[in-house]
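Peer 1: I'll drop the sequence and a predicted model, then ask my questions.
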Amino acid sequence: MKPSSQLVLADAAVADVLEQTDWYLAQSGQALAQRWEKAVTSAVLRVVKNPAAGTKCTFRPAELRHVRRATIAGFPKHLLFYRIHGSEIRVVHGARDLEKLF
């Protein structure tokens, strides 16, 4: 039996998601903020179920060679970036400086 993946969200990723939720709430209201939260949750769950499904990124630093990205449906300017460490997946928001985070 295959062990289940453990999701580890970086503090920066949680902060980014919450900040974006607050922004959507202030700018467009509850409906868009809820749609954002649902889309992010769906994207994260998709990565947990199938970590290899994300697109491989092509960063130059050796330590970033295994980083993948996944889309967030309905929010094309936002991406989840993650890498797999054995049974762990780390997820960060696409607007972050990946080299510093990883």
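Peer 2: Right, received. Where do you want to start?

Peer 1: give me the next element, helix or strand, following the longest helix anywhere in the chain.
Peer 2: Once the chain is assigned using DSSP state H, the helix that runs over the most residues is helix 30-49. For helix 30-49, the following helix or strand on the C-terminal side (DSSP states H and E) is strand 55-56.

Peer 1: what segments of this protein are helices?
Peer 2: Using DSSP H, the helices of the chain run over 11-28, 30-49, 98-101.

Peer 1: out of these, which comes closest to T58?
Peer 2: T58 lies closest to helix 98-101 among the helices of the chain, at 12.0 Å (Cβ to Cβ). Quick note: C-beta positions are derived from backbone N, CA and C, even for glycine.

Peer 1: what's the distance between Q30 and D22?
Peer 2: As judged by Cβ to Cβ, to the nearest Å, Q30 and D22 stand 12 Å apart.

Peer 1: give the buried residues for stretch 65-82.
Peer 2: Neighbour-count burial for stretch 65-82, counted by 16 or more other Cβ atoms under 10 Å, picks out V67, R68, A70, T71, I72, F75, H78, L79, L80, F81, Y82.
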